[in-house]
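Q: sequence unavailable; structure follows:
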């Protein structure tokens, strides 16, 4: 039997705490549709059952990292560090998987960097929505696949 990797409940719980305490609760608004990560045809080994969710979480972390730094007076590195922790825990010894998670973070970062060059109300709203989506996604991963 092949041992399927499990998401680090500690990391994902930390993400939930970070996501819920970073900003004050605001009026909920509908989130934009999630983009599906590109499929990697040359995948080595069997992917974990939660890999697509993990890729989406990394993309969200990249987006939030860019948007929060755009709108804060001082730079914040917690979201990038959280992604690095995620990569170290989830993709240790798996270079292809590591590349996919890193690419997702960078894709999320670049997507908003190409749209917002200064902090605006829509940028702030996007950050809040993405943070909420990330918290929901992290809790779903832990509830369904956590150890």
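A: Yes, it's here. Because the structure is predicted, anything quoted here is derived from the model rather than measured.
Q: contacts and neighbour counts: CA atoms only from here.
A: OK.
Q: just checking, what packs against the longest helix seen in the chain?
A: Counting by DSSP state H, the longest helix found in the chain is helix 121-145. If contacts are counted by 3 or more Cα pairs under 8 Å, 6 or more residues apart in numbering; DSSP states H and E, helix 121-145 sits against helix 9-21, helix 51-71.
Q: between the ones you listed, which has the poorest average model confidence?
A: Ranked by mean pLDDT, these bottom out at helix 9-21, which scores a mean of 44.
Q: buried set for the longest helix of the chain?
A: Counting neighbours by 16 or more other Cα atoms under 10 Å, one finds that the buried residues in helix 121-145 are 123-135, 137-139, 141-142, 145.
Q: cool, stretch 84-101 as well?
A: Neighbour-count burial for stretch 84-101 flags 84, 86, 87, 90, 91, 97, 98, 100, 101 (criterion: 16+ other Cα under 10 Å).
Q: wait, the third one sits on residue 96?
A: The reference is to residue 87. No. Using Cα atoms under 8 Å, residue 87 is not in contact with residue 96; the gap is 11.3 Å.
Q: where do the contact lists of these two overlap?
A: Common neighbours of residue 87 and residue 96 are not found (criterion: Cα atoms under 8 Å, 6 or more residues apart in numbering).
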